[in-house]
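Engineer: Just the structure for this:
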Amino acid sequence: MNKIKDEEIMQVLYEQEEYLKSIYDEKQILGIFVYGKANYGFAESVEDIKTVVCYIPTFEEICCESYNVKIFYIKDNKDRQIRVCDMRLINMLARNQEQIIMETVFSNYCLINSRYKKVFNKYIYMNKEAIFHCNQKLRIKNAANNGLEALKRYEETKNLDDAFEACRLRIACELYISGASVENCINFKKDYHINYLNQIKDGTITPNIEEIQKAFENTLLEAQNFKENKKCELLIKNSIIELMKVALTDMSSEGNFLSLLTKTEVQAFEIILQHLNNGHEGNISISQLTEDSKISRPVFKNTLQKMKDNNVAEIINQGVKGMYVKIIDGDILAKQF
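Structural biologist: Have a look, this model is predicted:
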């Protein structure tokens with residue numbers, strides 16, 4: 001368990017979110033996430049809190065600056081470091097099971113931009129187990145190799161943080177191979193794991209380098225028994241596409257959509273949202289909406305057409321299933337009707 005309160009961790013996120021809003025347009029911020037010791041339950045002070053922001057590029061950046069996209073770091077107004085990860089890198093990093101991006105996406109400590117939250121929850125958070133196990137072979141190999149690197153650094157410097165990371169990754173690999181959940185692979189639940197890592201971290205016990213190295217070598221051999229899951233790779237790709245649809249719609253939209261509607265159409269629009277799952281997407285029946293609301297069929301049809309024409313929603317007539325509606329406008333998704 002962290003030695004700092006959850007409120008202290010979230011306060012850092014709130015402060016950094018405000019700083020990020022001062023240097024970026026709010027629409028360019030998907031969310032800010034914690035990675036490192038605070039996720040594992042071993043943070044001792046606010047200095048142990050590490051954060052990463054998922055940055056959504058502008059339309060100009062997408063068109064003209066896609067050739068040199070890199071992860072970089074900035075410092076906030078309190079001289080705290082923030083890792084900046086461009087959305088254009090997420091697909092590659094997730095498919096490659098990059099440790100930090102895999103960990104941060106599922107952190108309990110995060111702030112998601114309200115305009116993207118519904119899409120993020122549906123396509124990423126609700127599928128976190130599938131994404132975490134997308135390429136099990138690569139996930140295990142990356143974790144084991146990162147553990148060996150940390151072990152090597154510890155041998156050279158005797159830095160206890162490196163010893164902690166090597167031992168943590170050894171346990172994480174064992175749990176992952178046994179089929180443990182995302183939560184259990186990141187935040188250990190067994191007292192003997194927690195006590196062991198605390199003793200490693202404070203130097204009470206010395207790690208057995210040869211034993212840990214051998215364990216990682218065996219883990220790398222076991223990794224060969226696992227395969228990639230192409231369906232999960234497609235899931236990651238589609239998740240990013242859905243988030244970028246909202247972002248790009250926001251970039252191209254002009255003015256307030258509601259101002260384009262008549263008073264009755266605004267009422268029809270709100271009724272449509274109420275009949276969608278979580279105000280996001282679903283199938284509606286114009287006949288049923290007309291009967292329930294006493295608003296005429298032409299008003300609902302005009303409202304739906306305006307939603308489509310102004311890139312507020314994707315709308316598909318599915319015959320007997322009704323009209324499929326998926327909201328893609330970030331401002332609308334951020335509002336609660």
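Engineer: hey, let's count contacts and neighbours off CA atoms from now on
Structural biologist: Fine.
Engineer: So the spatially most central residue of the chain versus residue 175, what's the distance?
Structural biologist: Compute the mean C-alpha point of the chain, and by Cα atoms, centre = their mean the closest residue is residue 105, 3.4 Å away. Distance, residue 105 to residue 175, by Cα to Cα, to the nearest Å: 19 Å.
Engineer: Please apply the same query to residue 33.
Structural biologist: According to Cα to Cα, residue 33 stands 24 Å off from residue 175.
Engineer: Please settle this for me: is residue 54 part of a strand?
Structural biologist: Yes - assessed by DSSP: H, G, I helix; E, B strand; the rest coil, residue 54 belongs to a strand.
Engineer: ok, back up a step: need the nearest residue in space to the residue nearest to the centre of the chain, chain neighbours excluded.
Structural biologist: Of all residues not flanking residue 105 in the chain, residue 33 sits nearest, at 7.1 Å (Cα to Cα, 6 or more residues apart in numbering).
Engineer: The helix or strand hosting that neighbour pairs with which strands, parallel or anti?
Structural biologist: Per DSSP states H and E, residue 33 falls inside strand 29-35. Here strand 29-35 is paired, per DSSP bridges, with strand 50-55 (antiparallel), strand 110-112 (antiparallel).
Engineer: Reformat the ones you listed as CSV; add mean neighbour count.
Structural biologist: Converted to CSV, the strands paired with strand 29-35 look like this (neighbours: other Cα atoms under 10 Å):
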stretch, mean neighbour count
strand 50-55, 23
strand 110-112, 19
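Engineer: from memory residue 325 sits against residue 313, does it?
Structural biologist: Yes - with contact defined as Cα atoms under 8 Å, residue 325 counts as touching residue 313 (6.4 Å).
Engineer: about what we covered before: quick one, which of residue 33 and residue 175 is more surrounded?
Structural biologist: The residue with more neighbours, out of residue 33 and residue 175, is residue 33; 26 against 17, by other Cα atoms under 10 Å.
Engineer: buried ones in the helix or strand harbouring residue 115?
Structural biologist: Using DSSP H and E, residue 115 falls within helix 114-123. Across helix 114-123, burial judged by 16 or more other Cα atoms under 10 Å covers 114-120, 123.
Engineer: so who does residue 225 touch?
Structural biologist: Listed by Cα atoms under 8 Å, 6 or more residues apart in numbering, the contact partners of residue 225 are residue 137.
Engineer: Am I right that residue 169 is in contact with residue 143?
Structural biologist: Yes - using Cα under 8 Å, residue 169 is in contact with residue 143, at 6.3 Å.
Engineer: Would you quantify the distance from the spatially closest residue to residue 206 that is not a sequence neighbour to residue 88?
Structural biologist: Distances taken as Cα to Cα, 6+ apart place residue 200 nearest to residue 206, at 6.4 Å, with adjacent residues excluded. In this view, residue 200 and residue 88 are 38 Å apart by Cα to Cα.
Engineer: Looking at the two, which one has more neighbours?
Structural biologist: residue 200 (21 against 18).
Engineer: and the helix or strand where that one lies, which residues are buried?
Structural biologist: Take DSSP H and E as the rule and residue 200 turns out to sit in helix 191-201. Buried residues in helix 191-201, counting neighbours by 16+ other Cα under 10 Å, are found at 194, 196-197, 200-201.
Engineer: residues in contact with that helix?
Structural biologist: By Cα under 8 Å, 6+ apart, the surrounding residues in contact with helix 191-201 are 42, 160-161, 163-164, 167-168, 171, 188, 205-207.
Engineer: Which parts of the stretch 201-337 of the chain are strands?
Structural biologist: Remark: strands assigned in the stretch 201-337 of the chain by DSSP state E, counting those that start in this stretch are 281-284, 313-317, 323-327.
Engineer: typo on my end, the stretch 51-200 of the chain
Structural biologist: For the stretch 51-200 of the chain, the strands defined by DSSP E, counting those that start in this stretch occupy 72-75, 81-86, 110-112.
Engineer: closest one to residue 212 among those?
Structural biologist: Across the strands of the stretch 51-200 of the chain, residue 212 has its closest neighbour in strand 81-86 (29.9 Å, Cα to Cα).
Engineer: quick revisit: the residue nearest to residue 105 is in contact with residue 103, isn't it?
Structural biologist: No - no contact is recorded between residue 33 and residue 103 when judged using Cα under 8 Å, the distance being 9.3 Å.
Engineer: circling back: reformat the strands of the stretch 51-200 of the chain as JSON lines; add distance to residue 309 and mean pLDDT.
Structural biologist: Shown next, in JSON lines, are these (distance: least, Cα to Cα, whole Å; pLDDT from 0 to 100):
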{"stretch": "strand 72-75", "distance to residue 309": "38", "mean pLDDT": "96"}
{"stretch": "strand 81-86", "distance to residue 309": "29", "mean pLDDT": "96"}
{"stretch": "strand 110-112", "distance to residue 309": "28", "mean pLDDT": "96"}
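Engineer: Including distance to residue 14, could those strands go into TSV?
Structural biologist: Supplementary listing: those in TSV, determined by distance: least, Cα to Cα, whole Å:
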stretch	distance to residue 14
strand 72-75	15
strand 81-86	13
strand 110-112	8
